[in-house]
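Show me how the following folds:
(chains A, B, C and D)
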Number of protein chains: 2
Amino acid sequence: MEPGVDCTPDCPVRLSADILSGKWTTLIIRELLAGTRRYSQLQYALLGVSPKILAARLRMLQSEGLVTRKVYPTVPPKTEYTLTDLGREAEQVIRAMADFGDLLAARADIAS
Amino acid sequence: MEPGVDCTPDCPVRLSADILSGKWTTLIIRELLAGTRRYSQLQYALLGVSPKILAARLRMLQSEGLVTRKVYPTVPPKTEYTLTDLGREAEQVIRAMADFGDLLAARADIAS
DNA sequence: CCGAATCCAATAAGATACTG
DNA sequence: CAGTATCTTATTGGATTCGG
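As a prediction, this is how the structure comes out:
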């Protein structure tokens, strides 16, 4: 891990952070790592997310090439979201975050 | 990786995201992974960060137990920031983000 | 069912000036 | 040097309503 001299202007960590930061982004990816999901399934899984935010994050992830969106013009309509190959590469990040989160939780337990 | 039913309310990914998200946070950690740094060194390395933001993020990281702050009451004053053991555990996340960022950069190259 | 539209609150970030 | 104070802007998130 090298000093920040190569961290400007477009260090990989920053590129990654620009996409993955945001309250719900990593949680959406986490959910999609388990498999293709419909809009309503995501909304249910991510308890508390508003439709606006969910749609916005999904659109962003799609435009960044991490997610594909498939619409079935049935009645009622159905939309499926699936990770692309690139999106699945984010699994390593999610995993590392989960591991780190476990440490944070352990620390919180001690504090109580 | 399991479905989101266990992603509420305090899944590890969320705990992790709550701390690491933010435009500069991971970059600060990235810099500190290279070793202890002074305030001015961080400000220089993170080109474009304002003193207010840098101080705020450092205080947050300190309160979360990822960073220690050591003040030398010399003239001129000197302050050193160092990762704690917990803070160093974030290296896996930063590494994964760096790897993923490389993929993003490669994709961007193709697009051009 | 899948969102888009609207409106509003909260927060993060940035620029600048200044102090112990 | 290492920040704080102040002000302003930009971004994000949230609640609700409504339409295809």
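
Point me to the residue of chain A nearest DNA strand D.
Going by CB to the nearest atom of the strand, DNA strand D is nearest to A:Lys23 of chain A, at 3.3 Å. Where C-beta positions appear, they are placed from N, C-alpha and C, glycine not excepted.

how about that residue, what does it touch?
A:Ile53, B:Ala17, B:Ser21 (CB atoms under 8 Å, 6 or more residues apart in numbering or on different chains).

Please apply the same query to A:Ser16.
Taking CB under 8 Å, 6+ apart, one finds A:Val93, B:Thr26, B:Met97, B:Ala98, B:Phe100, B:Gly101, B:Leu104 in contact with A:Ser16.

my read: the third one touches B:Thr26, true?
Yes - in this structure B:Met97 lies within contact range of B:Thr26 using CB atoms under 8 Å: 6.4 Å.

Show me which residues of chain A are close to DNA strand C?
Neighbours of DNA strand C within chain A, by CB under 7 Å from any atom of the strand: A:38-40, A:51-52, A:55, A:58-59, A:69, A:71, A:76-79.

Name the nearest of these relative to B:Leu46.
A:Arg59 (29.6 Å; CB to CB).

picking up where we left off before, got a winner among the residues of chain A next to DNA strand C for most neighbours?
Compared across these, A:Leu58 has the highest neighbour count, 21 neighbours, by other CB atoms under 10 Å in any protein chain shown.

element containing that one, please.
helix A:51-63 (DSSP states H and E).

Which residues does that helix contact?
Contacts of helix A:51-63 from elsewhere in the structure, counted by CB under 8 Å, 6+ apart, are A:19, A:22-25, A:28-29, A:39, A:42-43, A:46, A:67-69, A:81, A:87.

Give me the buried entries from the residues you listed.
Using 16 or more other CB atoms under 10 Å in any protein chain shown as the burial test, these include A:19, A:22, A:24-25, A:28-29, A:39, A:42-43, A:46, A:67, A:81, A:87 as buried.

Give me the lowest-pLDDT entry from these.
pLDDT across the buried ones among the contacts of helix A:51-63 is lowest for A:Gly22, at 91.

quick one: is the longest helix along chain A near chain B?
Taking DSSP state H as the criterion, chain A has its longest helix at helix A:91-111. Yes - judged by CB under 8 Å from any CB of the partner chain, helix A:91-111 comes into contact with chain B through A:91-105, A:107.
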